[in-house]
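1. just to be clear, the model below is a prediction. Sequence and coordinates:
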Amino acid sequence: MSEFRQYISVEKLCNVYHISLDEVLIMEEHELIEVTYVEEKMLLDMDEIAKLERYMRLYSDLGVNIQGLAVINDLLDEVERLNKELCKYRKC
């Protein structure tokens, strides 16, 4: 079964969210978000927007630096993994 994906240009996102391209590239570099490149255009999967918004709130509003965002991301991934494991044992 083919999965339909929707993308938005990173340039457009930068304008809407008032962030720089460098900030997006740094987040990609630290594997916080996944940017797709198509014919020299940078695109972000619509599913990644919620992650971008969360990271931008932490970064802009709370002053969490990129390394802190990476740690938060790793911790959230671990919590999700543990919740799935717990659910498996509880037969959710």
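-> Right, received. Where do you want to start? Everything numeric here is computed off the predicted structure, so don't read it as measured data. Numbering: from 1, shown residues only.
2. pull the number of nearby residues for Val24.
-> Applying other C-beta atoms under 10 Å, we find 23 residues neighbouring Val24. For every residue, glycine as well, the C-beta is placed using N, CA and C.
3. ok, it to Lys91 distance?
-> Per C-beta to C-beta, to the nearest Å, Val24 is found 41 Å from Lys91.
4. for Asp61, same thing?
-> Counting by C-beta to C-beta, the gap from Asp61 to Lys91 is 40 Å.
5. so for the residue nearest to Asn65 when sequence neighbours are not counted, what pLDDT did the model give?
-> Excluding the flanking residues, the one nearest Asn65 by C-beta to C-beta, 6 or more residues apart in numbering is Tyr59, at 7.6 Å. What the model reports as pLDDT for Tyr59 is 90.
6. now Arg5
-> 86.
7. where does it land in three-state SS?
-> Secondary structure assignment for Arg5 (DSSP: H, G, I helix; E, B strand; the rest coil): coil.
8. Leu43 now?
-> Applying three-state DSSP: Leu43 is strand.
9. that one contacts Val35, correct?
-> Yes: between Leu43 and Val35 a contact is recorded at 7.0 Å, counting by C-beta atoms under 8 Å.
10. in terms of secondary structure, what does the least confident helix or strand in the chain by mean pLDDT contact?
-> Of the helices and strands making up the chain, the lowest-confidence element is helix 49-56, at a mean of 91, by mean pLDDT, DSSP states H and E. Where contact means 3 or more C-beta pairs under 8 Å, 6 or more residues apart in numbering; DSSP states H and E, helix 49-56 is packed against helix 10-17, helix 21-29.
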